[in-house]
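Next comes the sequence, and after it the predicted model I'd like to discuss.
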Amino acid sequence: MMSKSSECTFWYHLPLMAFIQRSLTTTSEYSLLPVGEALLAAVIWASSFVAVKVVLAYTGPLTAGGLRYFIAFLLSIPLLAMKRRSGKGDHILHLAKTEWIQLSIMGIFQYTIANAALFFALKTVSATSGSLALSLVPIPVLIISALFLHERPHGLQLVGVVIAVGGSLLFFSPGIKEQQSIALIALGISVISFSIFPILARRFARDRSLDSITLTSIPLGIGGGILLVVALIVEGIPHMPIQAWGIIMGLAVVNTLIAYLLYNHSMRHLTAVQVNVLLNLSPIGTALIAWGVLGERITPFQMVAMFFVIGGASLTQRRTLNRGIEIPE
């Protein structure tokens, strides 16, 4: 039975993860389920930019990011405790020095640097234009994963990356010309920094050395904690209305903790490039949400570009040789 595996026992505490775990036990060499996990993460993250834009009306970018990620870390502690009771929690106390270093690098680049720069840019750019950062991430991921993970995409996958990124550029190009140079520099820093997390997460997942909870929680605590300390020093104690706190809690629980659990879990079966090109769909969702909530318009030209992004993302999921990436027991 599933309960004989400590990993399975843990996931049964979460209904969504219980379904995922049951499905994965019967999957073949290649499964659409990890693709579904990455797509669901993209859908969740599509709302992040709009929610952040609302929060930034009440507080600074460092505070918004620090609160979101450190609260998500605090909420992940009970999950770590549940995992320890299942018999796997002691692994955290025995992480190697190199593992701590890599997890720290993941947290600092993903949460402290990348999101701080992104939130700063969102002070002056629109939600849809800010989403450009996500659509460009596959470029450095493609280069870094080829060099360090030896995961070189095949012909159609490479074409898919080019089409998806090109479609994203076409989709958001009307808003890029009007942005301030400082915001574009901040977005560039975000793109490069965001590419570090998927590479290291893929390495952990491929080696089956860490479970999804540990891989999600520890970088959140390190990166989010540092960002929150910097925010308190630079921006001071936040004074926000109750609705802003509610949005931050939603961002912490759904858009951070749950989304990153899905994201890290999908990395066990998909390459870093595949996952991040799938996340190209997230900016499109952001544009649609921003259209209804913030009044940001989508032109017919951008709608055509949307289909290029979807088509490119689909090409990256062409069946390729899988090297047997499995979930840690």
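Sure thing, it's come through.

Next, the contact list for S190, please.
By CB atoms under 8 Å, 6 or more residues apart in numbering, S190 lies in contact with 114-115, 117-118, 121, 133. Placement of C-beta: from N, CA and C, glycine included.

Let's see if you can find the most crowded of those residues.
N115 (28 neighbours; other CB atoms under 10 Å).

What strand or helix carries that one?
Taking DSSP states H and E as the criterion, N115 maps to helix 115-121.

Rounded mean pLDDT for the helix or strand harbouring G167, please.
For G167, the enclosing helix or strand under DSSP H and E is helix 155-176. For helix 155-176, mean pLDDT is 77.

after that helix comes which helix or strand?
Beyond helix 155-176 in the direction of the C-terminus, DSSP H and E gives the next helix or strand as helix 181-194.

returning to what we had before: who does the helix holding G167 touch, helix- and strand-wise?
Other helices and strands packing on helix 155-176, by 3 or more CB pairs under 8 Å, 6 or more residues apart in numbering; DSSP states H and E, are helix 127-130, helix 132-136, helix 138-144, helix 272-278, helix 281-293, helix 300-315.

how does it look with 7 Å?
helix 127-130, helix 132-136, helix 138-144, helix 272-278, helix 300-315 (3 or more CB pairs under 7 Å, 6 or more residues apart in numbering; DSSP states H and E).

What residues of the last one count as buried?
In this case it means helix 300-315. Using 16 or more other CB atoms under 10 Å as the test for burial, helix 300-315 gives 302, 305-306, 308-309, 312-315.

who does that helix touch, helix- and strand-wise?
helix 155-176, helix 272-278, helix 281-293.

pLDDT on the last one, on average?
When pLDDT is averaged over helix 281-293, the result is 79.

And stretch 258-277, by the same measure?
So the average pLDDT for stretch 258-277 ends up being 76.

Ok, stretch 121-141 next?
On average, stretch 121-141 scores 76.

got the CA positions of that stretch in CSV?
Listed next in CSV are the C-alpha coordinates belonging to stretch 121-141 (Å, rounded to 0.1, in the frame of the first residue of the first chain):
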residue,chain,number,x,y,z
ALA,A,121,10.3,47.0,-11.6
LEU,A,122,6.6,46.5,-11.0
LYS,A,123,6.5,49.8,-9.3
THR,A,124,6.8,51.5,-12.7
VAL,A,125,5.9,48.8,-15.3
SER,A,126,2.6,47.2,-16.0
ALA,A,127,1.7,43.7,-14.8
THR,A,128,1.8,42.4,-18.4
SER,A,129,5.2,44.0,-19.2
GLY,A,130,6.6,42.7,-16.0
SER,A,131,5.7,39.2,-17.0
LEU,A,132,8.3,39.5,-19.7
ALA,A,133,10.8,38.3,-17.1
LEU,A,134,9.2,34.9,-17.0
SER,A,135,9.0,34.5,-20.8
LEU,A,136,12.8,35.2,-21.2
VAL,A,137,14.0,32.9,-18.4
PRO,A,138,14.3,29.8,-20.8
ILE,A,139,17.1,31.5,-22.6
PRO,A,140,19.7,31.5,-19.8
VAL,A,141,18.2,28.2,-18.5
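
Pull out the buried positions in it.
121-123, 125-141.

now do stretch 39-48
Result for stretch 39-48 [16+ other CB under 10 Å]: buried residues 39-42, 44-48.

centre of the chain versus that stretch, how much separation?
Remark: stretch 39-48 is offset 9 Å from the chain centroid, using CA atoms, centre = their mean, to the nearest Å.

Contacts made by that stretch with the rest, please.
Contacts of stretch 39-48 from elsewhere in the structure, counted by CB atoms under 7 Å, 6 or more residues apart in numbering, are 251, 254-255, 258-259, 262-263, 278-279, 281-282, 285-286, 289.

Those: which two are farthest apart?
L251 and L278 (20.9 Å; CB to CB).

follow-up on the earlier one: and the helices and strands packed on helix 300-315: which comes nearest T63?
Per CB to CB, nearest to T63 of the helices and strands packed on helix 300-315: helix 281-293, 21.7 Å.

how about the CA coordinates for that closest one, as PDB?
Extracted in PDB, the C-alpha atoms of helix 281-293 (Å, rounded to 0.1, in the frame of the first residue of the first chain):
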ATOM      1  CA  LEU A 281       2.100  30.500 -20.500                       C
ATOM      2  CA  SER A 282       2.000  32.400 -17.100                       C
ATOM      3  CA  PRO A 283       2.500  35.900 -18.600                       C
ATOM      4  CA  ILE A 284      -0.400  35.300 -21.000                       C
ATOM      5  CA  GLY A 285      -2.600  34.500 -18.000                       C
ATOM      6  CA  THR A 286      -1.300  37.600 -16.300                       C
ATOM      7  CA  ALA A 287      -2.200  39.700 -19.300                       C
ATOM      8  CA  LEU A 288      -5.800  38.300 -19.300                       C
ATOM      9  CA  ILE A 289      -6.200  38.900 -15.600                       C
ATOM     10  CA  ALA A 290      -4.700  42.400 -15.800                       C
ATOM     11  CA  TRP A 291      -7.100  43.100 -18.700                       C
ATOM     12  CA  GLY A 292     -10.100  42.400 -16.400                       C
ATOM     13  CA  VAL A 293      -8.800  43.700 -13.100                       C
END
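
ok, back up a step: want to try TSV for the buried residues of stretch 39-48, with pLDDT, secondary structure and distance to R68 as columns?
Formatted as TSV, the buried residues of stretch 39-48 follow (pLDDT from 0 to 100; DSSP: H, G, I helix; E, B strand; the rest coil; distance: CB to CB, whole Å):
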residue	pLDDT	secondary structure	distance to R68
L39	85	helix	22
L40	87	helix	19
A41	87	helix	16
A42	85	helix	18
I44	89	helix	13
W45	85	helix	12
A46	85	helix	16
S47	88	coil	13
S48	87	helix	9
